[in-house]
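K.L.:
compute the structure for the input listed below.
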Amino acid sequence: MLADLRRSPDRSLSCPFSRGGVLPPDPPGFFCAPDGAGGVVVPREREDRRAEAERAHDWLLERVEPDRHPCLAARSAFNTDSYRFGLYPALASADATAGLAADLERFAQGVGEEDGTAAADASDFATFVAIFDAPLPTVADEAAEQTFERRLWAQLQALHDADAHGWDPATSPDPTDKDFSFSFAGRSFYIIGMHPDASRPARRFPRPALVFNLHAQFERLRENGSYNKMRDLIRERDTEQTGGMNPMLADFGKRSEAVQYSGRAVDGPWQCPFHPAHADGETAQ
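P.N.:
Just a heads-up that it's a prediction; the model follows:
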């Protein structure tokens, strides 16, 4: 349960991607949680970086203020302390992958059925935010949003390559399929990319960041009839705050969500650079 992880953020963890199946004594992750009183719980071994974690936490709280962020699901997760976050080196670096894999595995294991799939209350959401060091340098002839998109997919590919679990059977590993959703540790996630140079205000953040929202939560909304109402409210708020609805958003399950992850407006054909290990989603052992 997420509440249990808040009480014990530095417990040991068996992790399937690591050699021998167990993390080393000093795990590479930086798993943080709200303390229920506006502060942050950090791992004991990261106590010397508490100020860094608190600053990142402040950024997150500012980001979900009602007049700055249209997503009601994100606000619900923060209002109920159902969020976790981690701090990592440069996006798509080997060290970032090691730390994020450890923490995302822990998050996936810590979310129970009532948090991710079977909650009766549509306000029950859980989310994990990965925050990376330093703004990304742009490459010659490549705009900042293109650089971020390329690094985002490089990071997701690295996570997938490190994942010893099979793909979540509820979703497709084919990024062209309308049922695609990124899977890690057996759970599917809808990814929201944020960075300083995002063209849409709701996607701007002081550092490159990836938000991992459980796919099952959106499926639950659709099944209980709440999805359309939330969708319409989010679109209304987005239009009020930015002057127009995000042109890249599609109704849940209508087309592949992959093109939406980076937040970049894509004109014309787009090819996702992600390659699953096998067509059936099973990861090589």
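K.L.:
for the stretch 1-150 of the chain, just list every one of the helices.
P.N.:
Counting by DSSP state H, counting those that start in this stretch, the stretch 1-150 of the chain has helices at residues 2-7, 50-63, 72-79, 94-110, 113-116, 144-162.
K.L.:
now Asn213, what's its secondary structure?
P.N.:
Taking DSSP: H, G, I helix; E, B strand; the rest coil as the rule, one finds Asn213 in the strand state.
K.L.:
tell me how many other residues surround it.
P.N.:
Residue neighbour count, defined by other Cβ atoms under 10 Å, stands at 22 for Asn213. (C-beta placed from N, C-alpha, C; glycine too.)
K.L.:
about what we covered before: could you identify which of the helices of the stretch 1-150 of the chain is most buried?
P.N.:
Among the helices of the stretch 1-150 of the chain, the stretch with the highest mean neighbour count (mean count of other Cβ atoms under 10 Å) is helix 94-110, at a mean of 22.
K.L.:
could you give the angle of that one to helix 144-162?
P.N.:
Going by axes from the mean of the first three to the mean of the last three Cα atoms, to 10 degrees, helix 94-110 is angled at 70 degrees with respect to helix 144-162.
K.L.:
heads up, I number from 807, so please use that
P.N.:
Okay, residue one is now 807; in that scheme the one you just asked about reads as helix 900-916.
K.L.:
picking up where we left off before, which one, of the helices of the stretch 807-956 of the chain, ends up nearest to Val935?
P.N.:
With Cβ to Cβ as the measure, helix 856-869 is the member of those nearest Val935 (6.3 Å).
K.L.:
so for that closest one, what's the average pLDDT?
P.N.:
Averaging pLDDT along helix 856-869 yields 94.
K.L.:
cool, stretch 835-846 as well?
P.N.:
93.
K.L.:
ends of it, what's the gap?
P.N.:
Terminal residues of stretch 835-846 are spaced 16 Å apart (Cα to Cα, to the nearest Å).
K.L.:
which outside residues touch that stretch?
P.N.:
The contact list for stretch 835-846 (Cβ atoms under 8 Å, 6 or more residues apart in numbering) reads 808, 811-812, 815-816, 847-849, 852, 855-856, 859-860, 862-863, 887, 889-894, 905-906, 908-909, 912-913.
K.L.:
what comes up buried for stretch 967-978?
P.N.:
The neighbour-count check on stretch 967-978 (16 or more other Cβ atoms under 10 Å) flags 968-969, 971-974, 977-978 as buried.
K.L.:
my guess is Ala950 contacts Ser1005, does it?
P.N.:
No. Assessed by Cβ atoms under 8 Å, Ala950 is found out of contact with Ser1005, at 9.2 Å.
K.L.:
fine, thanks again, bye for now.
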